[in-house]
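>>> following is a predicted model, sequence given first.
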Amino acid sequence: MLDLKFIRENPDLVVKKAKEKGIEVNIEHILVLDNKLRGLDTMVQSLREERNRAAKEKNIEKGKEVKVKLEKHENDLNAIKEELNKYLLQLPNPAKDDVKFGKNDTENEVLRRVGEPTKFNFAPKDHLSLGEKLDIIDVVRASKISGARFYFLKNEGALLEFALRQLAFDLLLKEGFIPLIPPVLIKTEVMKGLGYMENGGDEDMYILDKDDLVLVGTSEQSIVAIHKDEVLNAKDLPKRYVGFSTCFRREAGSYGKDTRGILRAHQFDKVEMVSYTKQGEDDKEHEYLLSLEEKLLQSLGIPYQVVKMCTGDLGYPAARKYDLEAWIPSENKYREVTSTSTTTDFQSRRLNIKYQDGNEKNYVNILNGTAFSTRPIIAILENYQQEDGSIIIPEVLQKYIGKEVIKR
RNA sequence: GGAGAGGUCGCAUAGUGGCCUAGUGCGAUGGUUUUGAAAACCAUUAAGAGCGCAAGUUCUUCGGGAGUUCGAAUCUCCCCCUCUCCGCCA
């Protein structure tokens, strides 16, 4: 959500920035509504003043008269407020100035590559063939009981996930992150407030009508909302959380896309980082979160590239976003495994999260980033595969799993 | 799931239709006093919004929403949350 005053003063900029993200905005309508609203608001206020005065004087006749007038104008006011709000919620967060303009993901910017694409003197297999042969991934039985896009992680497959999670927590706890296991069901009303259900977002969510709850698509959703309607102390910032949870996505609209293996599933696990910082300190924090993500991938010894999203690929709340893409030998290309975004004060306005610094009060900046998800397992299996189909376990993970090789 | 009790300013509590412009205590902040501190005393003690150059002024908010009323913290209805007991259960 953007500041209404800012919109009033910089309407052209708001339009231009939205356009860069590929979103058309009817700013005229917003300004007209805003203008109407303020006129009406003033009128309603003075009518209320009259009502209050009549009540104090116990002037019943006068009170009755004012009540009728007030009712009508209050209804109008509420209607306009609601409409204006609807439009305001549709405005995207403007991209930061350092973000390059681009229409879609083909125009994203590769910032750097770390490590060389893994070379094999045999034809590398994909993660699913490897996983099935080693009996660590089972999608056939999963589909029997849950349908397409579900999987069992089994044996060392399950242990690999635990190991990745522990590796991430070990690093982030050292960095002072607060560990968190969040709820994965959120009230529909709160999810709407978060803004994840707009623009078709609800199509990608599992909604439990009977209980008015929604399954989270990422624990970012519950972690970001943890301080809803709170004023934080500036002393405690930056405040950093690391949460672990299962994530649920309907993947509507991705039929036939990435159907093989565990790359795109309805359910997966993720270790998520969320930072709250003071206004204007998000750039520094963003680089910090990125550096942590790189450190984790580097410690696994997986070749990757850092990609900076162009304006057209940013999405609504992000002002800047980096993806880390790991080298996937079977596809002969890099694929997204983790990412990090700054939402500046876009989310904190919606959620009403502020901080107090002396006499000053301001909205916090909120950032998020993936430490690990299930996806890096794909990169590990494929990059560490041997000719006989066995997998060497990355050295940093060996202590968690208690062996060096996965073989049958 | 059943029965009951609650939710008021940072915290604790008072408030059962107009004297609430929400009282009191604690805490916090500033000041006076003091060599310094404590104590004492004095003052301040929320957020959001509108109008106004400003001083200021008005409105909204007593868990949330809807209603009754000239007038609601107070009455009615719905919802949320917390606590106690029972039942069930990792």
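Sure thing, it's come through.

>>> which residues touch the residue of chain A found nearest RNA strand B?
Going by CB to the nearest atom of the strand, RNA strand B is nearest to A:G63 of chain A, at 2.0 Å. Backbone N, C-alpha and C define where each C-beta goes, glycine included. A:G63 sits next to A:R51, A:A54, A:A55 when contact means CB atoms under 8 Å, 6 or more residues apart in numbering.

>>> any idea how far it lies from A:N35?
Taking CB to CB, to the nearest Å as the criterion, A:G63 is separated from A:N35 by 31 Å.

>>> per-residue pLDDT, A:V32?
Turning to A:V32, the model gives it a pLDDT of 90.

>>> helix, strand or coil for it?
helix (DSSP: H, G, I helix; E, B strand; the rest coil).

>>> contacts for stretch A:176-183, please.
When contacts are defined by CB under 8 Å, 6+ apart, stretch A:176-183 is touched by residues A:169, A:172-173, A:216, A:219, A:222-223, A:226, A:239-245, A:273.

>>> which of those are buried, as a PyMOL select command?
Selecting just the buried residues from those in PyMOL takes one command, with 16 or more other CB atoms under 10 Å as the test:
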select buried, chain A and resi 169+172+216+219+222+223+226+239+240+241+242+243+244+245+273
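
>>> out of the contacts of stretch A:176-183, which are inside helices?
If you go by DSSP state H, these have A:F169, A:L172, A:L173, A:S222, A:I223 in helices.

>>> put the buried members of the contacts of A:G63 into a ChimeraX selection.
What follows is the ChimeraX syntax for the buried subset of the contacts of A:G63, where burial is set by 16+ other CB under 10 Å:
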select /A:51,54
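
>>> how about the contacts of A:G63 in CSV, adding secondary structure, pLDDT and distance to RNA strand B?
As requested, these are exported to CSV (DSSP: H, G, I helix; E, B strand; the rest coil; pLDDT from 0 to 100; distance: CB to the nearest atom of the strand, whole Å):
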residue, secondary structure, pLDDT, distance to RNA strand B
A:R51, helix, 88, 6
A:A54, helix, 86, 5
A:A55, helix, 85, 4
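
>>> and the contacts of A:G63, which is closest to A:D138?
Of all the contacts of A:G63, the one with the least separation from A:D138 (CB to CB) is A:R51, at 68.9 Å.

>>> that closest one against A:V66, yeah?
Yes - A:R51 lies in contact with A:V66 (CB atoms under 8 Å); the separation is 4.7 Å.

>>> who touches both of these two?
Between them, A:R51 and A:V66 share no contacting residue under CB under 8 Å, 6+ apart.

>>> quick one: contacts for A:L70?
A:V44, A:L47, A:R48, A:R51.

>>> filter those residues to the buried ones?
With neighbours counted using 16+ other CB under 10 Å, the contacts of A:L70 contain these buried positions: A:V44, A:L47, A:R51.

>>> near RNA strand B, which residues of chain A show up?
Of all the residues in chain A, those in contact range of RNA strand B (CB under 7 Å from any atom of the strand) are A:4, A:38, A:41-42, A:44-46, A:48-49, A:51-52, A:54-56, A:58-60, A:63-64, A:66-67, A:354, A:361.

>>> tell me who's in contact with A:L381.
A:H127, A:L130, A:G131, A:I391.

>>> now do the first one, the pLDDT please.
We have a pLDDT of 95 for A:H127.

>>> equivalent analysis for A:E230, please.
You'll see A:E230 listed with a pLDDT of 80.

>>> sec struct for the residue of chain A closest to RNA strand B, please.
Using three-state DSSP, the structure places A:G63 in helix.

>>> could I get the full set of helices for the stretch 251-400 of chain A?
Counting by DSSP state H, counting those that start in this stretch, the stretch 251-400 of chain A forms helices over residues A:282-300, A:346-351, A:375-383, A:395-401, given from the N-terminal end onward.

>>> which secondary structure elements does the shortest one contact?
Just to be clear, that refers to helix A:346-351. helix A:188-194, strand A:365-373 (3 or more CB pairs under 8 Å, 6 or more residues apart in numbering; DSSP states H and E).

>>> same thing but at 6 Å, please
Other helices and strands packing on helix A:346-351, by 3 or more CB pairs under 6 Å, 6 or more residues apart in numbering; DSSP states H and E, are absent; none qualifies.

>>> run through who's touching that helix.
Here helix A:346-351 makes contact (CB atoms under 6 Å, 6 or more residues apart in numbering) with A:M1, A:N93, A:G195, A:V224, A:K228, A:P317, A:Y363, A:V364, A:I366.

>>> let's see 10 Å
By CB atoms under 10 Å, 6 or more residues apart in numbering, the surrounding residues in contact with helix A:346-351 are A:1-3, A:88-89, A:91-94, A:190, A:193-195, A:220, A:224-230, A:232, A:276, A:279, A:316-319, A:343, A:353-355, A:362-368.

>>> list the ones among these that fall in strands.
In this view, those that belong to strands under DSSP state E are A:L232, A:Y276, A:K354, A:Y355, A:N362, A:Y363, A:N365, A:I366, A:L367, A:N368.

>>> could you dump those residues to TSV with distance to A:H29 and neighbour count?
Output for the ones in strands among the contacts of helix A:346-351, formatted as TSV (distance: CB to CB, whole Å; neighbours: other CB atoms under 10 Å):
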residue	distance to A:H29	neighbour count
A:L232	35	18
A:Y276	33	25
A:K354	29	20
A:Y355	33	25
A:N362	29	15
A:Y363	25	21
A:N365	29	28
A:I366	29	26
A:L367	32	31
A:N368	32	26
